[in-house]
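> with the sequence up front, the predicted model follows.
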Amino acid sequence: MNLKTCFIILSTLALFSCSKKPAVVHTTPPPVTPPNSQHVSVFTQRNNNTRAGLNNQETKLTTTTVNTGQFGKLFTLSVDDQVYAQPLVVGSVAISHITHNIVYVATVNNSVYAFDGDDGTLYWNKNYSAPGMRAPKNTDMTGACGGQYMDFSGNIGIVGTPVVDSVSQTMYFVARSTDQAGTTFVQYLHAINIINGSEQSNSPTLITAKTAGTGDGSLGGQVLFDPQRNNQRQALTLVNGVVYVTFSSHCDWGPYHGWILGYDAKSLQQQIVYNDTPDGGDGGIWESGNGMAADNLGNIYTVTGNGTVGTTTDPTNPRNRGESALKLSVSGSTLAIQSYFTPTNFQNLENNDLDYGVSGAFLIPNSNYYFTAAKDGNIYLLDKDNMGGYSGGGNQVQQNIPLNGNANMHCQPAYYKGPGGEYVYVWSENDELHAFPFNRGTNMFDAGNQKVSNLSGPLGQNGAMLAVSSNGTTAGTGILWAAYAKSGDAEHTVSTGILRAFDANDVSKELWNSDQNTADAVGNYAKFSTPTIVDGHVYLATFSNKVVVYGLK
């Protein structure tokens, strides 16, 4: 073949090749979500181990920006079931070599989801039911409430809010399972990698426990943990490398006891077993889902509900401490009571199911005081190191504030420090919203100068879940957030919810609520789940199989 012929052939091939090129298609690039300049994290329920419910590092949400024109629903995070656990948010998590703010959502179907907190992208979700088993249901609690158990309306899988160890990038939670027939029940403590949801070493570990005692359900001088009757309701607590898990009951279905179990965060080996009524009964640890509080020295604070107090001849005996506030510290393989308070009227509380410890309890930040309340409407402010013990002649406490007798305190109070002082907020069912000023001079509440909101609030047997956001003590940044059931009694029914925002310095001023615009509707209220306010967003769990995300539009 000569050079001229070769050139003609190559030119012809090139011509056909060019003619067969596909047409160029111009596409619109996907919208780019601007990076969130805030990277505040919420590793544990109610922000930290004081359980005060305050995020004082919020720079975007202010009393001027939270209004119907600028603030509202941004998107929703769809999940497979109801959400009791408070959503947790971890900032700057590296997924596929890109950092994101991740919101973690756990459901009662034993599922955990990891979403982008800024745009709702789902990165992973996994189910943690035991192999071949399912999440228990309320109907599996055959002896609770005489067989008519409605405190839960369906599944009872992951209920207590998880906790995250930011250093090891591990999330801890308890998942409950039963066989298909609902005859065998197990509870497992899981430790998972927050980047992909995989189980960490030694995870999961089966939850079992026993302690010496002659109390309800004991056999041969031993009280055994019952994975069916014991309800893992409170948020988990991480203190000094130990993950603490607590238990109450299902509708006081006995025999049961209040347990606190501690596990090494790395090995998941059980290190602590504490039973608050080993020679008695009951003593469930509820606090409306609030986790136990802890101070900087590692002491733990909690309140126990209905149960045996002392012995039949000595109500001061620390062996059984139902109806009591407790300061506990590690002592070998158990916890020792360092201080306690039991109300003088504990027998009346016991006889009439007016639990002490039904309300979320918390440590007032940078103080020596512990805020607690009972179902009879009494608030007790305690010196955390000298709580007052028990006295038949009267309560020896820092302060006692009675609310109305129908304020049954199924609620989560909150704390705020602003430019004009400090407040503790309480919104029980069947009562108004209270803002009690806290006086650092007297270390008591100035109840005579309390502020109230004249809005109608929650009714029945479930109060409001409160949280506060602010930019330190900067004026115009303090916002009190309140979530509750706007109709019906959320104790035993699934009810429509509402989210409200108030000026934290004057709760008579409502800034915004989710009913002002139909597009902002909450859906069904999530019982005992606190709103998570972080990085310019409000993450609100619901019983509508979603988390609603609010923010600046």
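Structure received.
> partners of residue 245 in the sheet?
Assessed by DSSP bridges, residue 245 has beta-bridge partners residue 261.
> just use 240 as the starting number from now, easier for me
Sounds good: first residue 240 from here, last item residue 484.
> ok, it - contacts?
Applying Cβ atoms under 8 Å, 6 or more residues apart in numbering, we find residue 484 in contact with 399, 413, 428, 446, 471, 475, 499, 500, 501, 502. Every C-beta, even on glycine, is put in place using the N, C-alpha and C of the backbone.
> and the residues you listed, which is closest to residue 540?
Here the nearest of the contacts of residue 484 to residue 540, counting by Cβ to Cβ, is residue 499; it sits at 11.5 Å.
> residue 481 is in contact with that closest one, correct?
No. Using Cβ atoms under 8 Å, residue 499 makes no contact with residue 481, being 10.6 Å away.
> which of those two has more neighbours?
Each of residue 499 and residue 481 has its neighbours counted (other Cβ atoms under 10 Å); residue 499 has more, 25 against 17.
> ok, for the more buried one, nearest residue in space, not its chain neighbours?
The shortest distance from residue 499 to any non-neighbouring residue, by Cβ to Cβ, 6 or more residues apart in numbering, is to residue 513 (4.3 Å).
> before we move on, the earlier item: what touches both of residue 499 and residue 481?
residue 511.
> strands of the stretch 240-389 of the chain, start to end?
293-294, 310-317, 327-334, 337-345, 350-355, 361-366 (DSSP state E, counting those that start in this stretch).
> how near is the nearest residue to residue 278 once chain neighbours are set aside to residue 774?
Excluding the flanking residues, the one nearest residue 278 by Cβ to Cβ, 6+ apart is residue 330, at 3.6 Å. Residue 330 sits 7 Å away from residue 774, going by Cβ to Cβ, to the nearest Å.
> report the contact partners of the nearest residue to residue 382 once chain neighbours are set aside.
Once flanking residues are discounted, residue 382 sits nearest to residue 492: 4.9 Å by Cβ to Cβ, 6+ apart. With contact taken as Cβ under 8 Å, 6+ apart, residue 492 is in contact with 380, 382, 383, 384, 388, 468.
> pull the most distant pair out of these.
Longest span within the contacts of residue 492, Cβ to Cβ: 384 and 468, 12.8 Å.
> need the nearest residue in space to residue 413, chain neighbours excluded.
Here the residue nearest residue 413, using Cβ to Cβ, 6+ apart, is residue 471, at 4.6 Å.
> can you count the residues close to residue 742?
The burial count for residue 742: 17, using other Cβ under 10 Å.
> that one and residue 302 touch, don't they?
Yes. Using Cβ under 8 Å as the test, residue 742 is close enough to residue 302 to be in contact (5.2 Å).
> okay, and which of the contacts of residue 492 map to helices?
Among those, DSSP state H puts none in helices.
> mark which of those are buried, thanks.
380, 383, 388, 468 (16 or more other Cβ atoms under 10 Å).
> residues in contact with the first one?
Going by Cβ under 8 Å, 6+ apart, residue 380 touches 388, 395, 467, 489, 490, 492.
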